[in-house]
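Turn this into a model:
(one chain, ligands or ions: 1)
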Amino acid sequence: MKKKLIAGNWKMNGSLAANEALLKSVLAGVGQAECQVAVCVPAVYLAQCQALLADSIVSLGAQDVSSHEGGAYTGEIAPAMLKEFGLRYVIVGHSERRQYHLESDEVVASKAQRALACGITPIVCVGETLAEREAGKTEEVVKRQLAAVIAINGHCISEVVVAYEPVWAIGTGLSATAEQAQQVHAVLRAQLKAATPSADRIKLLYGGSMNASNAASLLAQPDIDGGLIGGAALKAQDFLTIIAAAA
Ligand code: PEP
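Numbering: from 1, shown residues only. Predicted coordinates for the structure are as follows:
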C-alpha cells in the first residue's frame, strides 16, 4: 500500500534555537512512523536542519527553487545547490509565491522540471482562490495549473507530488471539508491518469488549515495521500498527531 506523506511547510518562520527545539521534539515523538515525514524549511536553515535530521526518518525539503540552472540570477537558489544539502523535496508553486512573486503556471512547471532533473521531488501546489471557487471555477483552475506541469514534464510526471491547497483555506483556519477536498483530488487523479499509467502511485496531498482535529477525516479520503501542513507543523505535538493520523 502507498505510504502517506506528511510534509511541514515552515514558511518564513524559525530561528536557530526554535528550529532545534522543534526538530528535537518531533524526532523524540515520531518513532518509526508508518508514513513518510518531511519538513520544508527556510533555505538559510538547510544546513542546520540537515545535521539535526541526519539518520532520522524525517526528510528535508525546501520551499522554492529557481527555474534556472545557475548563473546571473541574484537571490535565486539552483536545484543543484539544494541537492548538496541532501534534500528530498522542494515545494513549487505555493500560492504565496504565485500571489506575491507572480509565478506563472509555466514558471512553476519549469521549477518542477529543474528539481526532477536534480533528483529532488517537487511538491507542486495547485488551488483556487475564494473568488474562483464562488465563480464555479475550481476544477478549471486546478486542471490548468496541473496541465502546465504535465505538459513540460512528460512521463516524469509520475515522480512529482501534487498538493491541492485551496487558497481560501491556507492559514485561515477554514479547512476544506473532507468531501470538498476529495472531490478535487478525484479530478486531479483523473487528469493524471490520462497522462500516465502510473497515476495511482502519485501522491496527492491536501493542504489548507489541516490540523490535529481534522487530519484523520481528511486523510481517510481515498484520493488524499497525505498533507502539506503550515501552521500546525510549527507545533511539535500537533504535527505528531497529524503524523499519527496518517499511519
Ligand atoms: C501551507 O502554507 O502550505 C499551508 C497549508 O498552511 P496552513 O496549514 O497554515 O493553512
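
how about the strands in this protein?
Read by DSSP state E, the chain holds these strands, from start to end of the chain: 5-9, 36-40, 58-62, 89-92, 121-126, 161-164, 204-207, 226-229.

Distance to residue 108 for those - can I get that in a markdown table?
In this view, the C-beta of every residue, glycine as well, is placed from N, C-alpha and C. As requested, these are exported to a markdown table (distance: least, C-beta to C-beta, whole Å):
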| stretch | distance to residue 108 |
| --- | --- |
| strand 5-9 | 16 |
| strand 36-40 | 16 |
| strand 58-62 | 15 |
| strand 89-92 | 5 |
| strand 121-126 | 7 |
| strand 161-164 | 12 |
| strand 204-207 | 15 |
| strand 226-229 | 15 |
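
Now render those as a markdown table, adding mean neighbour count.
Listed next are those as a markdown table, based on neighbours: other C-beta atoms under 10 Å:
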| stretch | mean neighbour count |
| --- | --- |
| strand 5-9 | 26 |
| strand 36-40 | 25 |
| strand 58-62 | 23 |
| strand 89-92 | 27 |
| strand 121-126 | 26 |
| strand 161-164 | 27 |
| strand 204-207 | 28 |
| strand 226-229 | 29 |
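
export those to TSV and tack on distance to the ligand and mean pLDDT?
Written out in TSV, the entries for the strands of the chain read as follows (distance: least, C-beta to the nearest ligand atom, whole Å; pLDDT from 0 to 100):
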stretch	distance to the ligand	mean pLDDT
strand 5-9	4	98
strand 36-40	9	98
strand 58-62	12	98
strand 89-92	7	98
strand 121-126	7	98
strand 161-164	7	98
strand 204-207	3	98
strand 226-229	5	98
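
So which of these is nearest residue 187?
strand 161-164 (9.1 Å; C-beta to C-beta).

Looking at the chain, which residue is nearest the ligand?
In the chain, no residue comes nearer to the ligand than residue 230, which is 2.1 Å away by C-beta to the nearest ligand atom.

interface residues of this protein facing the ligand?
Of all the residues in the chain, those in contact range of the ligand (C-beta under 6 Å from any ligand atom) are 9, 11, 165, 170-171, 207-210, 228-232.
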